[in-house]
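Student: I need the structure of the sequence given here:
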Amino acid sequence: MDTKAITAELAQHVPATSTLENAIDDIGPADLEDMHTFYSDMGWLIAERFSTLEDKQRVFELIELGMRNGDRRLKDAVSTGLIEAMISRTGAQPARWRQISAELGPLSAAYVRQ
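Tutor: Residues are numbered from 1 along each chain as shown. Alright, predicted model coming up:
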């Protein structure tokens, strides 16, 4: 899967605002800043709406796929955008972070432990 496919499928599984949904088509391969912002917003939403995500397993498979993908920009957006946003959003809620971190794949979990 390429960056655009991962991004589009992830957005399908995370209840998002229309702004985020519309942003997918606007993210081009060179738009690292926009991509990072999009993934940060997505991480915030995952943490915020974790208990209501319909397919948590697929969401976290896609996160892991993004970490494993050879595209450096995607890996950067997933790690420093999405994962760090989830950590930040759950900072005052350690029990929620434990639930979320239990879903992380090996590469994602290794990034958190760094």
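Student: what's the span of stretch 67-84 from first residue to last?
Tutor: Distance between the boundary residues of stretch 67-84 (C-alpha to C-alpha, to the nearest Å) amounts to 13 Å.
Student: In it, which residues are buried?
Tutor: Of the residues in stretch 67-84, those scored as buried under the neighbour-count criterion (16 or more other C-beta atoms under 10 Å) are 67, 69, 74-75, 77-79, 81-84. (C-beta placed from N, C-alpha, C; glycine too.)
Student: One more: stretch 57-69?
Tutor: By neighbour count, with 16+ other C-beta under 10 Å as the criterion, the buried positions of stretch 57-69 are 59-67, 69.
Student: Format the buried residues of stretch 67-84 as CSV; extra columns: secondary structure.
Tutor: Putting the buried residues of stretch 67-84 into CSV (DSSP: H, G, I helix; E, B strand; the rest coil) gives the following:
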residue, secondary structure
Met67, helix
Asn69, coil
Leu74, helix
Lys75, helix
Ala77, helix
Val78, helix
Ser79, helix
Gly81, helix
Leu82, helix
Ile83, helix
Glu84, helix
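Student: quick one, longest helix in this structure?
Tutor: helix 32-48 (DSSP state H).
Student: Show me what that helix is packed up against.
Tutor: If you count contacts as 3 or more C-beta pairs under 8 Å, 6 or more residues apart in numbering; DSSP states H and E, helix 32-48 packs onto helix 3-13, helix 18-26, helix 72-76, helix 84-89, helix 94-101.
Student: and the direction of the first one versus that of helix 32-48, what angle?
Tutor: To tie it back to what came earlier, the one meant is helix 3-13. Helix 3-13 and helix 32-48 are oriented at 30 degrees to each other (axes from the mean of the first three to the mean of the last three C-alpha atoms, to 10 degrees).
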